[in-house]
Structure formats: C-alpha cells, structure tokens
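Trainee: Here is my input, please return the structure:
(one chain, ligands or ions: 1)
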Amino acid sequence: MKKILFTLILMAGFVTGLKAENPPDEGMWLPMFVERLNYVDMQKMGLKLTPQEIYDINHSSLKDAIVNLGGFCTAEVVSNQGLLFTNHHCGYDAIQKHSSIDHDYLTDGFWARSLEEELPNEGLTVSFLVKMDDVTGRVLEKVKPEMSESERSAAVGKAIETLKEEESAEGKYEVSVKGFYNGNEYYRFVYEVYEDVRLVGAPPSAIGKFGGDTDNWMWPRHTGDFCVMRVYSGPDGKPAPYSKENIPLRPKHYLKISVDGVERGDYAMIWGYPGSTDRYRTSHGIQATLSEIDPAIVKVGGKILEIMKSDMDKSDEVRIKYASNYAGLANFWKNKIGESRGLKRLDVYDKKKAIEDKFSAWVNAEESRKATYGTALQDISDVYAAYADVKYNTKLWYLQISFFGSQMMQFPMQTQGIINILKSGQKGDELQASLAPFYEMGDGQFKNYNPATEEKIVAAILELYRQDVPKDALPDIFNLIDKKFKGDVHLFAKKLFETSVLATEENYKAFLAKPSIKAFENDLGYKMTNSFYNSFMTQNMAVAPLGEKLKKAQRLFVDGLRKSNPDKVYYPDANSTMRVTFGQVLDYFPADAIHYDFRTYMEGIIEKEDPTNDEFIVPAKLKELYAKKDYGRWADKDGRLVVCFLSNNDITGGNSGSPILNGNGDLIGLAFDGNWEAMSGDIAFEPELQRTINVDIRYVMFIIDKFANAQNLIDEIKIAQKTR
Ligand code: ARG
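Mentor: Predicted structure coming up:
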C-alpha cells in the first residue's frame, strides 16, 4: 500500500515536471532510478550517454565497469583484461601484507612486469552488480503496524531469506536485500563475486600516501592515491578461487582514460559503493554525537594511536607491522575530530531543529498524521536521554575502538572455539587436526603484532575505562585487577603478557601443542576479553528496548518527512550499495577571504617537500622528472602536470577508489577523500563547502608510465578520443 502511494506521488510529480529539489550535487542515487529521477538534470549538466548506456541489466553498460572491492572500497575495470584501478589506501592492507623489511612495498612501491609477477591476495574479493530490484512490497507483506519491532524484524528477516534464495541461482550469485530510508523501503541486489584479485602495481607511499595523516581529509592535496589490481576468473570465465590456471577476467565493460583534463564547471559523475551516511539523524542525534560519541572515539582512538606511533617510529619492523591498522584508525579518528568541528561550525544542530519544527507543524495540522507520527520525535529524544543517563554511547564506542585498536583484545574472541574442541574429548593427532585452523589464526594474529606495543595498549584502554565508565558498570575484570594487582592496570597488563597463552606467539604455540581447558579458562587474556564482552552484552540487553524504540521512531520520522514534502525527491542514505552522484568540477571558499582553487600541480609537491618528515618526502625520481618537465602526454595544455582536483560530488567512505567520469563516461580521475571544512557531511550535506578530492587520471598515468615505467600497463589501458 505504502509503495503504491509512493509510486503515485512520484508519478504525479513526474507528469507535472517534478525534479529533485536538492542542488544536483547532493544525493547518492540508485542507478536503477537514474533514468526516472536524475537523467534530465544530468543531461543538462553535460552527460552525453543514454540512460541505457549507463545502466542496463540486459546489455553491457557503464555500471558493469564499477565494482565493490572487498566490501570496503570501490574499484573500476580499466582494460579488457580485468585490470582495476582503486586507491592506494584501499590496497594499503594488501600492500602491507606483502611487505617485509626485505620487500618493503609500502616504502618502495611494487610493479609486476608480467602476469606471473602479480601477487594474490587471500580473502580479497571483487563484486559485480548483476541487477537490482525493488522488493519493498514483498518484504513488508506480512508486516502490520501493531507489530512490535522484534516481530517486525522477524517478519522482514523471513521475507528477505526467501527473496535471497530466489535469485541466488543455486549459489552462483550472492544476493543481498537492504533497507532504505530507515526501513521504509527494501531493494534486492544480485552480485557475481570474484575471489581471485591480484596486486599489479602500487606507487611508493611517498606518492600514494604523500602528505600522510597531516594532509588527510584536507585540501590542497598532492597525493597519488591509486594502485592497480587485476581480477581473475577460472578458465571458463566464471568466478573461481585463486589458482595458477586462472586467467585475467574478460569484463563486460571497461573504462577508457580521458586525457582532456578538467576545467571548472565540467560535468563530473562518480559511481561507487558509499558505505554509510546518516543524513536523517535528528538534532537529538547531533547532540549525542557532539557530547558523547565523537569525544569517546577521539579519546580512546587518540591514545591507541599515540602508543602505536611511538613504537613505529622506533623500529622499521614495528612500522611495517602496524602500518595498516594505524592508517585505518588514524583516518577514522581524524574524521571524527573534523566531524565535531563541522557540526559546530556549520550549526547543523539548528538546521536539523528547523527541519524537525517544520515536520512537527505538518504532523500537528491533521489528526491522522498525529496518530501515526505524533510521538516519533519525542521518542527519539527520550531514547537519547536514556542513553546519556547510562553513558551508553561512551561505553559502546570505548569497546568498539578498543577491539579495533587492540589485537590482544580481539584474539580471545577469535580463538574461544578452542574450548569446545577441547571439551569434545579429542586427543592426540585427531585433536591436533581439529586445531589446525587455530594454528593458522595464530599465524595471522602474530604476523603484524608486537607484544610490547600491545601491552601498552591494553594498559591504556583499562586506564581509560577506569577513568570514564561509572564504577558499577565496569567489566568485572576490574575486581581482579583491584584484588590481585592493587588496582594497578600496568601490573596487570605486564602479568597478562608474561603468562597469557594468547598474548605472544611462543606462548600460543606452546599452548596449542599441549592444550588444556583449564589453562584457557584461567588465562588472563581470555578473562579480560570475556569480561569486556559480557559486560557489554549485559548492557546491550538492558538497552535493547531503547534501540527498538529508536529504530521505529526514526523510521516513522523519515516516512513522515518524505510525505510532508511531496515535491522533494529524497535520496536514501548510503548503505554499501551502488550509487551515482553527479555534479561538476568546482573550487570553494573554505573561510572568510580564502579561496581554494580546484586543482593542484606538481609544483605543489615540490613546495611541500620536507626530507625530515616522512609524510612529505619526495622520491628522487619524481624530482628528476619534475626538473626535466618530463610529463609526456599526461601534461595539461600549458605543459604543467595536474595532480589532484576537486568536484562537488556527494560521496563518503566506501566510495574510495571510485571513478570520476566525464560526460562521455571516460575516466578523469579517482575519488579518494573529502575536505576538512565539511566533515560533518555524512550527517548534513553542505553544498557551498562540501567537495570530493580526486587524483587526476593523468597523474596516475604519468606515475605508471614515467615514474614506474610499467609499459605493460600503458599498452593495456585504452585512451579515449580527445574532445577538446
Ligand atoms: N580520508 C580518506 C578516506 O577515508 C583516506 C585517505 C587515506 N590517506 C591517508 N593519508 N591516510 O577515504
């Protein structure tokens, strides 16, 4: 019913010439609806392709060149041999895993000179979207308004299972059904997933991560944030696990490179897999973000980063081991600092409040609306107040960041299955065979692990918990720390790392060789993690009704909001499904009297050079090329080399590695970041300030060609015909 109503509203709008009221740059749109909702705008702004050329489920189209990389980034196919471009920071973990002191690909870069030299990456996948469809009606078929949230979830979950089953083609496809508009609509996505993805090339970090954490999330930028991968299929062209027999994928569609260069105002669209936004968060949510959520993340994250960094600076071995974890946490941490700044500076609370006041006026104007939406905002407000009372968000984020930043805290969760195996009574060889996966887990765990660093991290986390979590809500491990270690978290951590069978490789291997239930259950590491986990679960159970209340209220709020503005086409929040955002190449004014131009040049790299700071080292070879102005066909029309440029596309994390395309659908760059002045953008889009930072495709090609001399790749990649 709801769906029919919505379709009617849309159709009515369509007939009367309705179009999105949002500035065209705002919104992450579903490709399936582009023809109906966005095409006219896109065409007006410079899109030359037909709707069928961009999204068609029966013939190859642009969407077939865009893939989800591993569930966390986007990549695009750039040759008829399955070659992929993505960001350096998306490949960073893979590059790090292939690195050692002897082969430091992080520092020196890596280039495969032939297919044989390409490096497999266990666990890394590439998903192609086969098709998507609207399944709202079927998902909500059995849902009744009087249902409790858990009854509703159960009904929705059951319907989703059937819908997935239907399209899986006996496991050939991976199918997901996702909620949109806070559970008011549902769409089904069918993917073909390839599991053999190899590393082909990566520039040194001094190019791929130039500017490091200092420049991260900021403009002006001079980062060559790209790397090259390749997707392989079985000899039959179908997905297959890694094998020497596999062949480069013959893709349905691939992108060509534009060497035209970008000018202010040029049409630009970005396709990809944005992870999550929260554009319908209310003023109450903003308050919680500012007072609890962001400060918690910044405090614990900052402490863990400080410890890692200090140890990384002292040893190359530790630096390589922690590079990827550190970069991930540092990125998230700085994002949250920027988010709080942005929320305050851009008065997002007041803007949200204004939307809510209008919503309330609309609700109160009619009795039937009052009956449906009347309590939504009050419920949201009540839930956040109750969360604040028990410091729920602080505890939630302390735990999440601790588990993310402390490998020691994670490991007991991963390995607790050992207890059941031991309880099964197996012995000798049989037991050792059952433990094989845990030997493997140990190899993974301790490869990028330094006990001394981990010990400091554990102590620091415990200290912060003690400081900031109410005494009666502390995990019970603190009783043991008080009783046996006089409350000294450092003594406890020291003892843990001396004795725990999970804390060091030697202890763990010795334990697996002669395992015992008692040793595991009495282990300080296991006890600590278990205690944190249990305390969190208890807490979670206690607040579960709040979570349900919030979910329902938020769903009603978004539903009502859309109905209250029938002329406005609301776009759904990002949720790791394929989206397109379109806009233009554009400069901005970050603050009073300051203007930021839309592109940066090679000269800027030289300006930023600082050989004493590892974030701003410029490789000698790059300086030579600069001195000779040896830019080949990748130079701009004035002979200079463009490095990065800005556009006003609406993207977020997960879009990293996304192609930015011109009106012909040719590749002009790779999106890799957002800008500091609009870091609250995931919660509220800021048209005047919000920009996407892209690396110019000609800089990418220049690095591959002139810096790496990877002619094998240059020959493989196709250049589009010049249009200016
Ligand atoms: N801020 C970027 C993003 O989240 C990641 C940039 C990686 N670069 C870095 N210096 N850490 O997409």
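
Trainee: From here on, just use CA atoms for contacts and neighbour counts.
Mentor: Fine.

Trainee: Any regions of this protein where pLDDT drops low?
Mentor: Residues of the chain that meet the criterion pLDDT under 70 lie in 1-24.

Trainee: for it, what's the longest helix?
Mentor: In the chain, assigned by DSSP state H, the helix with the most residues is helix 524-564.

Trainee: who are the neighbours in contact with Gln711?
Mentor: Shown in contact with Gln711 (Cα atoms under 8 Å, 6 or more residues apart in numbering): Ile704, Asp705.

Trainee: Write out the residues of the stretch 51-200 of the chain neighbouring the ligand.
Mentor: Selection of the stretch 51-200 of the chain residues close to the ligand by Cα under 6 Å from any ligand atom yields His89.

Trainee: How many residues are close by the closest residue to the ligand within the stretch 51-200 of the chain?
Mentor: The minimum distance from the stretch 51-200 of the chain to the ligand, using Cα to the nearest ligand atom, falls at His89 (5.1 Å). The number of residues packed near His89 is 22, by other Cα atoms under 10 Å.

Trainee: tell me the secondary structure for it?
Mentor: State at His89, reduced to three classes by DSSP: H, G, I helix; E, B strand; the rest coil: helix.

Trainee: Could you check how far it is from Tyr55?
Mentor: Distance, His89 to Tyr55, using Cα to Cα, to the nearest Å: 28 Å.

Trainee: repeat for Ile606
Mentor: From Ile606 to Tyr55 the distance is 42 Å (Cα to Cα).

Trainee: what separates Arg138 from Thr162, distance-wise?
Mentor: The gap separating Arg138 from Thr162 is 10 Å, by Cα to Cα.

Trainee: Pro241 now?
Mentor: Applying Cα to Cα to Pro241 and Thr162 gives a distance of 27 Å.

Trainee: Which one's more surrounded, the two?
Mentor: Neighbours per residue (other Cα under 10 Å) separate Pro241 from Thr162, with Pro241 holding more: 16 against 12.

Trainee: three-state assignment of that one?
Mentor: Secondary structure for Pro241, judged by three-state DSSP, is coil.

Trainee: Might you report the residue contacts of the closest residue to Asp108 other than its chain neighbours?
Mentor: Distances taken as Cα to Cα, 6 or more residues apart in numbering place Pro204 nearest to Asp108, at 4.7 Å, with adjacent residues excluded. By Cα under 8 Å, 6+ apart, the contact set of Pro204 is Tyr105, Leu106, Thr107, Asp108, Gly109, Phe110.

Trainee: mind redoing it with 10 Å?
Mentor: 88, 104-110, 210, 224, 227, 618-619, 708 (Cα atoms under 10 Å, 6 or more residues apart in numbering).

Trainee: now those residues in a markdown table, with secondary structure?
Mentor: Listed next are these as a markdown table, based on three-state DSSP:
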| residue | secondary structure |
| --- | --- |
| His88 | helix |
| Asp104 | coil |
| Tyr105 | helix |
| Leu106 | helix |
| Thr107 | helix |
| Asp108 | helix |
| Gly109 | coil |
| Phe110 | strand |
| Phe210 | coil |
| Gly224 | coil |
| Cys227 | strand |
| Val618 | coil |
| Pro619 | coil |
| Ala708 | coil |
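
Trainee: Provide a PyMOL selection command restricted to the buried entries of those residues.
Mentor: Applying 16 or more other Cα atoms under 10 Å to these, the buried members can be selected in PyMOL as follows:
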select buried, resi 88+104+105+106+107+108+109+110+210+224+227+618+619+708
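
Trainee: which one among the contacts of Pro204 gets closest to Ala365?
Mentor: For the contacts of Pro204, the residue nearest Ala365 by Cα to Cα is His88; the value is 53.1 Å.

Trainee: secondary structure class for the nearest residue to the residue of the stretch 51-200 of the chain closest to the ligand once chain neighbours are set aside?
Mentor: Spatial nearest neighbour of His89, excluding adjacent residues (Cα to Cα, 6+ apart): Asp225 at 6.7 Å. With three-state DSSP as the basis, Asp225 sits in coil.

Trainee: Asp225: neighbour count?
Mentor: Asp225: 30 surrounding residues under other Cα under 10 Å.
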